[in-house]
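1. Prediction below, plus the sequence it came from.
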Amino acid sequence: NNKLRKAENDLLRQYEEKKLYVDFLERKEAQIKYQAEHDGLTKLYNRHTAIHFLEELIRSGSSYAVIGVDIDDFKSFNETMGHMYGDMVLCNVADIITDSVVQYHGMVARFGGDEFLLIICDVTSQDVADYVHRLRDKVICPIRFGEEYHNITCCAGIMLSTDSAQTSAEAIAYADLALNVAKQQGKDSMVYYNEKMRSDLDIKYNIGKSLEKACLNDGFIIRYQPQVDAMTGEFVGCEALLRLKDNSFFPGEFIPVAEQSELIIQIGRIVTEKVVRQLYEWKLHGRKIYPVAINYSSKQLRDEEYVSFLQEMLDKYEIPPEYVEIEITEGMFLENSKAAIRLFDDLTAMHIKLALDDFGTGYSSINYLTYVPVSKIKIDKTIVDNFLNDEKEDFIGHLIGLAHSLHLKITVEGIETKDQYERIKKMEGDNIQGYYFSKPITAEEIEELSNPMVGCENL
């Protein structure tokens with residue numbers, strides 16, 4: 001009997017141990033499965049799970065919407081407040097989105113960084129519109145961090161099952177396209193996908209390839225648009241304008257694409273070297289050289305060695321710094337004000353003059369003039385078109401007066417008629433640029449310019 005009981009106890013112990021082991025394996029398997037399907041920080045589903053869910057939904061033939069959501073200015077939250085605050089923002093937004101999607105039997109996933117993917121099922125387009133508006137209202141709320149409150153906003157890109165996506169990859173790509181457009185429009189924007197976005201993406205891809213090819217094969221040329229003294233009509237300098245040698249795309253098409261990629265850094269250096277080398281060639285040919293303005297994109301702030309490169313070019317071609325002018329825009333301050341101020345200080349130390357381009361088209365131009373070391377401001381063509389007439393020309397006169405009161409020179413762009421020229425001359429504008437005097441021309445044509453230029457159209 002003792003042997004029997006011992007055998008029974010041994011079997012029972014083995015059974016319990018096996019049961020405990022099986023339970024451990026099941027828990028471990030469940031934990032592994034959970035970790036494989038969820039994001040570790042927000043506890044939302046991850047990208048892989050969302051894609052699988054969407055694939056099943058598309059196969060079922062149900063109506064659905066895919067919504068990409070991106071937190072505005074999340075990078076600055078991380079940089080200024082620290083990653084702990086950034087994580088808190090992500091978790092707060094994740095909770096809000098999760099609560100909002102429950103009634104639609106859908107799912108929410110963290111798709112990477114500060115981007116979320118929402119999938120809602122069995123909905124009409126009106127349901128989706130109502131839902132997104134409610135979601136934005138819930139997200140736009142102050143989040144407390146320490147003693148401070150910060151308002152959080154998001155952009156949303158939306159695609160519907162009626163947009164003819166055949167696969168989960170296409171559906172997500174459409175939502176992402178719409179989200180990118182929303183982010184370009186500004187904070188708290190909501191955009192629906194449409195077919196034109198896909199066409200625009202194809203064009204953007206082709207432009208990108210053309211720019212890559214041009215960078216590798218010297219595919220850029222510079223055209224120079226003369227600037228003249230408004231009082232005397234004398235040639236006083238020019239603006240360097242970038243063109244593709246094969247004319248496959250216009251500047252208004254390829255410059256934005258370049259600015260959205262790292263190519264703008266390489267292109268900015270290409271333009272700089274071409275301009276400085278051209279100044280050298282004019283001097284070598286015995287021509288009098290004049291200042292040339294180079295446009296500097298706010299995206300070039302990522303090029304931390306640009307100033308060193310510019311100095312290297314000036315030294316290499318023995319060109320004094322007063323013959324190079326850098327044109328900046330207000331976008332530079334919105335992009336990265338600290339880097340912008342550092343750039344201005346470095347250029348000023350080199351004795352490079354700065355000009356504020358597109359003056360009057362932004363919101364804070366006058367404020368910038370109080371602390372940015374510019375020596376010139378340029379009135380944009382849109383201001384000329386809208387205000388240089390009998391009823392509104394006083395506005396431009398006041399801008400010129402403002403510039404002069406701050407001891408700044410002013411260049412008026414977009415002058416295309418004799419009447420416009422006469423009006424600016426009467427207002428005592430300093431310099432004028434536009435098709436009335438000359439379209440952008442080649443370096444060889446610049447050499448042939450003679451003074452005075454007043455009345456010389458389409459040189």
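-> Structure's in. What do you need? Residues are numbered from 1 along each chain as shown.
2. okay but residue 447 is in contact with residue 288, surely?
-> No. Applying CB atoms under 8 Å as the test, residue 447 and residue 288 come out as separate, 9.9 Å apart. Placement of C-beta: from N, CA and C, glycine included.
3. got any residues that touch both of those two?
-> The contact sets of residue 447 and residue 288 overlap at residue 282 (CB atoms under 8 Å, 6 or more residues apart in numbering).
4. residues contacting residue 413?
-> Contacts of residue 413 (CB under 8 Å, 6+ apart): 378-381, 384, 433-434.
5. Just give me the closest of those residues to residue 30.
-> Of all the contacts of residue 413, residue 380 has the smallest distance to residue 30: 62.6 Å, by CB to CB.
6. Need the three-state assignment for the nearest residue to the closest one once chain neighbours are set aside.
-> Excluding its sequence neighbours, the residue lying closest to residue 380 (CB to CB, 6 or more residues apart in numbering) is residue 358, at 4.6 Å. Under the three-state scheme (DSSP: H, G, I helix; E, B strand; the rest coil), residue 358 adopts strand.
7. Can you give me the pLDDT of residue 358?
-> Here, the pLDDT recorded for residue 358 equals 84.
8. My read is that it contacts residue 328, right?
-> No. Contact status for residue 358 versus residue 328: not in contact, 9.5 Å apart, counting by CB under 8 Å.
9. And those two? Which one has more around it.
-> residue 328 (24 against 20; other CB atoms under 10 Å).
10. Name whatever forms a beta bridge with the more buried one.
-> Beta-bridge pairing for residue 328 (DSSP bridges): residue 356.
11. Against residue 355, how distant is it?
-> Residue 328 sits 7 Å away from residue 355, going by CB to CB, to the nearest Å.
12. Overlap of the contact sets of the two?
-> With CB under 8 Å, 6+ apart as the test, residue 328 and residue 355 both reach residue 374.
13. May I have the secondary structure class of residue 137?
-> Under three-state DSSP, the three-state class of residue 137 is helix.
14. Could you pull up the residues touching residue 353?
-> 291, 322, 324-326, 375-376.
15. Just send those back as JSON lines, with neighbour count, distance to residue 231 and pLDDT too.
-> Below are these laid out as JSON lines (neighbours: other CB atoms under 10 Å; distance: CB to CB, whole Å; pLDDT from 0 to 100):
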{"residue": "291", "neighbour count": "17", "distance to residue 231": "18", "pLDDT": "95"}
{"residue": "322", "neighbour count": "10", "distance to residue 231": "21", "pLDDT": "96"}
{"residue": "324", "neighbour count": "24", "distance to residue 231": "25", "pLDDT": "97"}
{"residue": "325", "neighbour count": "22", "distance to residue 231": "20", "pLDDT": "97"}
{"residue": "326", "neighbour count": "22", "distance to residue 231": "25", "pLDDT": "97"}
{"residue": "375", "neighbour count": "13", "distance to residue 231": "18", "pLDDT": "93"}
{"residue": "376", "neighbour count": "22", "distance to residue 231": "16", "pLDDT": "93"}
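16. Among those residues, name the ones in strands.
-> The strands, defined by DSSP state E, take in 324-326, 376 from the contacts of residue 353.
17. I'd like the residues you listed as TSV, with distance to residue 338 appended.
-> Shown next, in TSV, are those (distance: CB to CB, whole Å):
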residue	distance to residue 338
324	24
325	23
326	18
376	24
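18. what's the farthest-apart pair in the residues you listed?
-> Spatial extent of the ones in strands among the contacts of residue 353 (CB to CB) is set by the pair 324 and 376 at 13.2 Å.
19. Now do the helices in the stretch 151-300 of the chain.
-> Shown for the stretch 151-300 of the chain, the helices assigned by DSSP state H, counting those that start in this stretch span residues 168-185, 195-216, 251-259, 263-284.
20. Could you check how far the last one is from the centre of its chain?
-> Put plainly, it is helix 263-284. Relative to its chain's centre, helix 263-284 lies at 24 Å (CA atoms, centre = their mean, to the nearest Å).
21. for it, which positions count as buried?
-> For helix 263-284, the neighbour count (16 or more other CB atoms under 10 Å) marks 263-276, 278-280, 282 as buried.
22. and residue 307, what is it in contact with?
-> 343, 346-347, 350.
23. helix or strand right after the strand or helix carrying residue 31?
-> Per DSSP states H and E, residue 31 falls inside helix 2-37. Moving toward the C-terminus from helix 2-37, the next helix or strand (DSSP H and E) is helix 47-60.
24. pLDDT on that next one, on average?
-> The average of the pLDDT scores along helix 47-60 is 89.
25. so what does it touch, helix or strand wise?
-> Where contact means 3 or more CB pairs under 8 Å, 6 or more residues apart in numbering; DSSP states H and E, helix 47-60 is packed against helix 2-37, strand 64-71, strand 107-112, strand 115-121, helix 168-185.
26. Out of these, which gets nearest to residue 300?
-> Of those, nearest to residue 300 by CB to CB is helix 168-185, at 18.8 Å.
27. Enumerate the positions of that closest one that are buried.
-> Neighbour counts over helix 168-185 (16+ other CB under 10 Å) mark 168, 170-183 as buried.
28. so what pLDDT did residue 372 get?
-> Note on residue 372: pLDDT of 83.
29. do the same with residue 236
-> Residue 236 carries a pLDDT value of 93.
30. residues touching it, list them.
-> For residue 236, the contact set (CB under 8 Å, 6+ apart) comprises 227-229, 290-291, 431.
31. so what's the closest residue to it other than its chain neighbours up against?
-> Leaving aside its chain neighbours, residue 236 sits nearest to residue 229 (5.2 Å; criterion: CB to CB, 6+ apart). By CB under 8 Å, 6+ apart, residue 229 lies in contact with 236, 430-432.
32. which one of these is nearest residue 113?
-> Of all the contacts of residue 229, residue 113 sits closest to residue 431, with 45.9 Å by CB to CB.
33. Against residue 271, how distant is the closest one?
-> Counting by CB to CB, the separation of residue 431 from residue 271 is 21 Å.
34. in the protein, which residue is closest to the centre?
-> residue 260 (5.7 Å; CA atoms, centre = their mean).
35. now it: how far from residue 116?
-> To residue 116, residue 260 is 23 Å away according to CB to CB.
36. Pull the number of nearby residues for residue 427.
-> By the measure other CB under 10 Å, the count of residues near residue 427 is 19.
37. Skip the chain neighbours and tell me the closest residue to it.
-> Among residues not flanking residue 427 along the chain, residue 397 sits closest, at 4.7 Å (CB to CB, 6+ apart).
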